[in-house]
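Need coordinates for the below:
(one chain, ligands or ions: 2)
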Amino acid sequence: MKVVDGIEMKKLDRKAMEEYGIPGVILMEHAGMAVTEEILKDLAHQENKEIVIVCGTGNNGGDGVVAARHLHQKGFPVKVRIIGDIARISEDAKINCDILKKLRVDIKTIIDFKDVPKLSEELSRCGVIVDAIFGTGLNKEVQGLTREVILAVNRTNTYVLSIDIPSGVRASDGHICGIAVKADKTVVLQLPKIGNIQFPGADYAGEMVVKDIGIPHEAIEKSNFPINLITADMVQAILPQRRKDTHKGNYGKAYIVAGSTGMTGAAMLTCEAVLRSGAGLLKVAIPQSLNNIMEVRLTEAITVPLPELKKGVVGISDIEKIIKTMQESDVIAVGPGSGQTRELEEVLRNIFEAATIPIVLDADALNALAHRQEILKLIKSAAVLTPHTGEMSRLTNIPVEEINRNRIQIALEFAKKWNVILILKGARTIVASPDGKVFVNTTGNPGMATAGSGDVLTGIVTGLLAQGIQPIKAAIAAVYLHGVAGDRAAARLGEYGLIAGDIVLELPYAIKEIVGK
Ligand SMILES: NC(=O)C1=CN([C@@H]2O[C@H](COP(=O)(O)OP(=O)(O)OC[C@H]3O[C@@H](n4cnc5c(N)ncnc54)[C@H](O)[C@@H]3O)[C@@H](O)[C@H]2O)[C@H](O)CC1
Ligand SMILES: [K+]
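Ligands and ions are numbered 1, 2, ... in the order given. Predicted coordinates:
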């Protein structure tokens with residue numbers, strides 16, 4: 001499913017009207033009916049059935065006015081409150097306002113601060129507040145009377161339903177324009193906006209419901225807007241159904257270069273996640289001195305002890321053995337707990353030059369790359385990099401705050417520049433492909449911000465790649481499954497007590513939830 005900004009949505013609106021001849025007032029009618037459907041569901045839980053619909057003078061307000069008519073028609077007590085200069089009302093909204101007046105629905109304009117106390121009372125007394133002030137047309141900081149009205153809405157304990165996007169959240173990036181409505185539910189029209197998905201805006205949406213309002217699907221498919229939401233259907237289509245006549249060789253040979261003294265846990269978590277993601281075979285190259293520990297901790301993986309140059313750390317002297325095992329594998333992952341050494345840069349350079357299989361780079365491999373990004377150009381096969389925002393900052397020399405203000409763009413630029421698939425972990429995790437496409441993940445929770453969670457994701461990516469899944473699809477499915485497993489763990493344990501091992505334990509169930517077996 002595409003995720004759009006206001007400009008792209010307007011383009012699709014215009015295409016629907018100009019190329020398909022669907023009048024805007026029809027789209028508004030569909031929008032109002034879709035909103036009505038959701039309000040009726042929410043009203044079912046409310047004692048008080050009165051609805052106050054707070055409208056702006058644009059088409060978002062128009063959607064609210066259409067919903068008012070349908071609710072009135074169904075016998076619900078409706079109050080419509082239009083903020084601002086009614087003379088500026090959009091054409092389609094005016095058509096609907098005039099109909100409401102003929103139906104003698106209670107419709108008033110809020111034009112002065114002195115109207116706010118009365119409105120506040122109405123908002124506190126009703127069962128549902130509908131926020132139809134701003135949608136994708138919000139284009140500056142919210143001030144003055146509208147600011148006071150949004151403050152009044154947020155001060156009540158009344159259930160709030162926002163149309164398309166909570167008013168005050170910018171559709172293009174989720175920025176809060178001074179103040180925004182805190183919604184219990186947002187009825188998103190046709191396609192999610194970036195502001196519905198990206199924080200901080202995503203925090204204001206409450207439960208999100210996407211409703212079709214009649215924009216032709218073929219027009220949406222033809223749009224080359226690059227941002228997509230990762231959905232369960234998308235992941236289900238990616239995960240191969242298993243044939244009966246198969247053996248472990250069919251599910252690939254994964255190879256991991258990981259671990260160093262004190263960091264065997266990272267290697268262990270990655271290995272477990274590789275196998276729990278369905279890979280057939282797994283070898284893990286670890287420093288010789290850690291072999292006994294790993295042999296004890298890992299039952300299903302084969303350890304490949306490397307004669308270490310420096311105790312407990314993989315070094316360039318091991319490269320022969322690493323390359324040889326790599327050439328017998330279907331995917332190689334480097335970095336979890338490897339230790340930050342200049343040696344690792346050399347190991348990476350050799351691997352990049354020799355690899356004909358997909359490469360997954362995480363943690364210390366990314367930190368090593370921070371000094372030597374140019375060696376990424378040596379890679380001839382597919383590469384998936386999995387930085388969290390801090391590692392991305394070191395990789396790009398862009399401050400963390402700036403990355404978080406523009407996650408999608410920064411991830412996309414890096415992927416294109418270095419011809420790699422980039423998983424930028426965080427809220428939200430972004431998967432960016434060198435061909436310019438972006439996939440935004442919305443599964444997962446703050447409980448996953450715990451040591452080792454990233455090692456598990458690396459293992460899932462590696463495990464799916466081992467099974468021959470196309471790299472971009474493996475990255476998409478991995479971040480989604482990682483989040484679903486984390487959500488299952490949080491549902492069982494809460495967000496505080498959740499540790500990375502719990503995500504690994506829930507992973508098979510997450511896969512089963514999607515694949516069905
Ligand atoms: N295909 C669809 O998604 C459809 C969406 N519809 C609805 O239309 C809105 C977008 O409507 P638009 O008229 O462009 O603007 P808004 O209603 O979002 O904003 C109203 C108006 O407010 C002015 N404005 C902007 N920022 C501020 C501010 N900070 N302070 C004061 N005034 C401000 C600006 O002039 C805007 O025009 C979309 O979200 C959907 O809800 C269609 O109804 C159906 C098709
Ligand atoms: K709104």
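
residue ranges with poor pLDDT in the stretch 301-450 of the chain?
309-312 (pLDDT under 70).

Find the closest residue to ligand 1 in it.
Nearest residue of the stretch 301-450 of the chain to ligand 1: V440, at 18.6 Å (CB to the nearest ligand atom). In short, each C-beta sits where N, CA and C put it, glycine included.

Dig out what that residue forms beta bridges with.
L229, I430 (DSSP bridges).

what's near enough to touch the nearest residue to G214 once chain neighbours are set aside?
Excluding its sequence neighbours, the residue lying closest to G214 (CB to CB, 6 or more residues apart in numbering) is H30, at 4.4 Å. Counting by CB atoms under 8 Å, 6 or more residues apart in numbering, H30 makes contact with 212-214.

Can you verify H30 is assigned to a strand?
No: counting by DSSP: H, G, I helix; E, B strand; the rest coil, H30 is not part of a strand but helix.

Roughly how far does it sit from A474?
38 Å (CB to CB, to the nearest Å).

Repeat that for I83.
49 Å.

Between these two, which has more neighbouring residues?
Comparing I83 with A474 by neighbour count (other CB atoms under 10 Å), the higher total belongs to A474, at 29 against 26.

Quick check: which element contains the more buried one?
Assigned by DSSP states H and E, A474 belongs to helix 471-493.

what's the distance between K102 and ligand 2?
Distance, K102 to ligand 2, by CB to the ion, to the nearest Å: 26 Å.

What's the per-residue pLDDT of that residue here?
If you check K102, the pLDDT there is 97.

Near it, how many other residues are there?
With neighbours defined by other CB under 10 Å, the count for K102 comes to 8.

Phi and psi next, for it.
phi -70, psi -30 (degrees, to the nearest 10).

what's the answer for D245, then?
According to degrees, to the nearest 10, D245 has phi -90, psi 60.

go on, L507?
Dihedral angles (degrees, to the nearest 10) for L507: phi -60, psi -50.

Spell out which parts of this structure neighbour ligand 1.
Residues of the chain that fall close to ligand 1, judged by CB under 6 Å from any ligand atom: 9, 13, 27-28, 31, 56-63, 90, 134-142, 146, 163-164, 177, 189-190, 213, 215.

Could you list the contact residues of the chain toward ligand 2?
Contact residues, the chain versus ligand 2 (CB under 5 Å from the ion): 131, 162-163, 167.

before we move on, back to that, can you check the pLDDT for the residue nearest to G214?
98.

how close does it get to K211?
Taken as CB to CB, the span from H30 to K211 is 8 Å.

What about the closest residue to R349 other than its chain neighbours, how many residues nearby?
Leaving out its chain neighbours, the residue that sits closest to R349 by CB to CB, 6+ apart is I375, at 4.9 Å. Number of residues near I375 (other CB under 10 Å) recorded here: 18.

can you tell me how far G315 sits from ligand 2?
G315 sits at a distance of 58 Å from ligand 2 (criterion: CB to the ion).

ok so, going back, for PyMOL, write a command that selects the buried ones of the residues of the chain next to ligand 1.
Of these, the buried ones can be selected in PyMOL as follows, counting by 16 or more other CB atoms under 10 Å:
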select buried, resi 9+13+27+28+31+56+57+58+59+60+61+62+63+90+134+135+136+137+138+142+146+163+164+177+189+190+213+215
